[in-house]
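**Student:** The following block contains a protein sequence and its predicted model.
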Amino acid sequence: MNEQLLENPAVAVLMSVYNGERLLNEAITSVLEQTLTDFKFIIVDDGSNDQSFSIIKRFQQTDPRIVVINKPNTGLVNSLNCGIRQARGKYNARIDADDI
């Protein structure tokens, strides 16, 4: 993958996750299967105590567009702000962990 695309993608997709393991596989897959491939996928694990972080890490190992931030639980707004600081896309998009 072109490093320039990862640093300055057309779209930065941002997801915050807190105990979202039930639908997380489907939500992440739905982003990765988009026809637009010029994106960076920033996933913030907001202190989940289920298998969410393991699921996210598994996807990250196979797709270099995924950036994972793991932090203590501080709530959705704080997690989104944390993720948006990493976004460098021309456009920013949001998805929730249960959006499929």
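**Tutor:** Cool, the structure landed.

**Student:** hey, which helix or strand in this structure has the poorest pLDDT?
**Tutor:** helix 3-7 (a mean of 55; mean pLDDT, DSSP states H and E).

**Student:** got the contact list for the residue nearest to residue 90 when sequence neighbours are not counted?
**Tutor:** With Cβ to Cβ, 6 or more residues apart in numbering as the criterion, residue 90 has its nearest non-adjacent residue at 5.4 Å, and that residue is residue 10. From N, CA and C alone the C-beta is placed, and that goes for glycine too. By Cβ atoms under 8 Å, 6 or more residues apart in numbering, the contact set of residue 10 is 36, 38-39, 89-91.

**Student:** Quick check: closest non-adjacent residue to residue 84.
**Tutor:** Nearest one to residue 84, counting by Cβ to Cβ, 6+ apart, is residue 14 at 6.3 Å.

**Student:** so after the strand or helix carrying the one you found, what's the next helix or strand?
**Tutor:** Take DSSP states H and E as the rule and residue 14 turns out to sit in strand 11-17. Of the helices and strands lying after strand 11-17 in sequence (DSSP H and E), the nearest is helix 21-32.

**Student:** Just list what that next one packs against, helices and strands only.
**Tutor:** The elements that helix 21-32 packs onto, with contact taken as 3 or more Cβ pairs under 8 Å, 6 or more residues apart in numbering; DSSP states H and E, are strand 11-17, strand 39-46, helix 52-62.
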